[in-house]
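Asks: need coordinates for the following:
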Amino acid sequence: MAALKDLTAGVREARRLVVKVGSALLVDVLGGGIRQPWFDSLIDDLVALHRQGAALLVVSSGAVALGAEVMAERAGRQNLVQSQAAAAVGQIRLAHAWQAGLARHGLSAAQILLTIEDTETRRRYLNARGTIGALLAAGAVPVINENDSVATGEIRYGDNDRLAARVAAMIEADCLLILSDVAGLFSADPASDANARLITEVAAITPETERIAGRPKPSGPGSGGMITKVAAARIATAAGCGVAIIGGADRNPVSRYLDSGTGTWFAPAAQPLAGARKKWIGASLSATGGLIVDDGAVAALRHGSSLLAAGIGAVSGEFEKADTVRVLDTGGAVIATGMVSYSAREVAAIRGLQSDELAAKLGYRGPDEVIHRDNLVLAAKTTAP
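Replies: Numbers count the residues shown, from 1 in each chain. Below is the predicted model:
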């Protein structure tokens, strides 16, 4: 009984809780509408947590699926523009469903549509965080979705699992609860392996964890698969937020989990990132380039030093000053993520130089550090399988 309590306590006791709901659970694929009895039961579960003192934030997919039927009648097979139009139609239906469901219990819903720039650009990130904080303080339930009507290609999250994790880190949530079409992370694909077992707890995400999670699903309702949920768990747990992945197909999925403990709990990092700025950098999804550094620089970074030009061997990608980049060792492993003091062109010019040589090369006196340690977040050390 003690183990059961421990596995569900992260959800049960969360003061700030982010709940992610996917299209495959929310929308009746054949009928094209909300799975209303299931949805009502989920609302009941969430309201029960709210009444116990949890500030709730929902990340809800479903706009494209809810608008697809209307657009299909007018356009046949959907291309990108039609899919974006479907999102515009469906988002109204989605927002109304959440508003009506929460209103039954006297709660106010607030709609927020985000693009990836809203979390990856520092100023916009702070604005979004301030708005969400004000809504939570007022007792409202923010309902967040990616702004699929305008987000395209490389400038989108692509899955709401990582969006939910980014938001959880943003608001310093205690727990991220991801509702899935499977009961959690299994040792193998349960659809094809009868011996697959549910992994009830993950203390730290390793390459083996990611291997088990498999590959993303093809695009469509509920796209992403377990691999995007594990990627979300990595972002959230690094920021000190626990993550529970649970089966969501049956009615009252949250109360079922709290009663049974059936799911996968990802424990928050033992030493989570300190400070809002480092949490933002560490959870970045849009690093625009890379810096390949030598072994001496890797050792120095691991001991808390800043990254200096002398340790940089190569530069990849295009980035400007204050962009977020990855720092890699000579084998290609990510060592850290950081906010750079120079553009890609400037770093390429000064790589390998000593600090007292930078001004002569650049024509001006800039910082000694290419990435200052205050703007640098080390990647967790993992053991390869």
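Asks: which strands and helices lie in contact with the longest helix seen in the chain?
Replies: When the chain is parsed with DSSP state H, its longest helix is helix 80-103. Applying 3 or more CB pairs under 8 Å, 6 or more residues apart in numbering; DSSP states H and E, one finds that helix 80-103 contacts helix 36-51, strand 55-60, helix 63-75, strand 109-114, strand 141-146. Heads up, the C-betas are built off the backbone N, CA and C, glycines and all.
Asks: as JSON lines, those with mean pLDDT would be great.
Replies: Shown next, in JSON lines, are those (pLDDT from 0 to 100):
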{"stretch": "helix 36-51", "mean pLDDT": "97"}
{"stretch": "strand 55-60", "mean pLDDT": "97"}
{"stretch": "helix 63-75", "mean pLDDT": "74"}
{"stretch": "strand 109-114", "mean pLDDT": "95"}
{"stretch": "strand 141-146", "mean pLDDT": "96"}
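Asks: among those, which is nearest residue 348?
Replies: Nearest of these to residue 348, taken as CB to CB: strand 109-114 at 33.1 Å.
Asks: what ranges do the strands span in the stretch 151-300 of the chain?
Replies: 175-180, 201-202, 242-247, 264-266, 289-293 (DSSP state E, counting those that start in this stretch).
Asks: can I get the ones you listed in TSV with mean pLDDT, mean neighbour count and distance to residue 54?
Replies: Shown next, in TSV, are the strands of the stretch 151-300 of the chain (pLDDT from 0 to 100; neighbours: other CB atoms under 10 Å; distance: least, CB to CB, whole Å):
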stretch	mean pLDDT	mean neighbour count	distance to residue 54
strand 175-180	97	28	9
strand 201-202	94	17	22
strand 242-247	96	25	13
strand 264-266	96	26	17
strand 289-293	94	22	39
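Asks: show me the beta-bridge partners of the residue nearest to residue 58 when sequence neighbours are not counted.
Replies: Nearest residue to residue 58 in three dimensions, chain neighbours excluded: residue 143, at 4.8 Å (CB to CB, 6 or more residues apart in numbering). Residues in a beta bridge with residue 143, per DSSP bridges, are residue 58, residue 111.
Asks: residue 143 against residue 96, yeah?
Replies: No - the criterion here is CB atoms under 8 Å, and residue 143 misses it with residue 96 at 10.7 Å.
Asks: who has more neighbours, the two?
Replies: residue 143 (24 against 14; other CB atoms under 10 Å).
Asks: please report how far that one lies from residue 57.
Replies: Note on residue 143: its distance to residue 57, by CB to CB, to the nearest Å, is 8 Å.
Asks: same deal with residue 317?
Replies: Distance, residue 317 to residue 57, by CB to CB: 33 Å.
Asks: more neighbours: these two, which one.
Replies: Comparing residue 317 with residue 57 by other CB under 10 Å, the one with more neighbours is residue 57, at 27 against 13.
Asks: I'd assumed residue 145 was in contact with the more buried one.
Replies: No - Residue 57 is beyond contact range of residue 145, at 11.9 Å (criterion: CB under 8 Å).
Asks: go through the helices and strands packed on helix 80-103 and name the closest to residue 169.
Replies: Of all those, it is strand 55-60 that lies closest to residue 169, at 12.1 Å by CB to CB.
Asks: other SSEs contacting that closest one?
Replies: Judged by 3+ CB pairs under 8 Å, 6+ apart, strand 55-60 is in contact with strand 16-21, helix 36-51, helix 80-103, helix 122-137, strand 141-146, helix 160-170.
Asks: low-confidence ranges, the protein, go.
Replies: 1-5, 72-79, 151-158, 215-224, 270-277, 279-280, 285-286, 380-385 (pLDDT under 70).
Asks: could you break it into its assigned domains?
Replies: For the chain, the structural domains run 2-278, 287-378, going by automatic domain parsing.
Asks: for residue 308, see how far away residue 293 is.
Replies: According to CB to CB, residue 293 and residue 308 sit 10 Å apart.
Asks: same question for residue 343.
Replies: Taking CB to CB, one finds residue 343 at 17 Å from residue 308.
Asks: got it, and residue 278?
Replies: 20 Å.
Asks: circling back: could you redo the strands of the stretch 151-300 of the chain as CSV and give each row distance to residue 214?
Replies: Shown next, in CSV, are the strands of the stretch 151-300 of the chain (distance: least, CB to CB, whole Å):
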stretch, distance to residue 214
strand 175-180, 13
strand 201-202, 15
strand 242-247, 14
strand 264-266, 14
strand 289-293, 26
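Asks: of the ones you listed, which is nearest residue 120?
Replies: Smallest distance to residue 120 across the strands of the stretch 151-300 of the chain (CB to CB): 13.5 Å, for strand 289-293.
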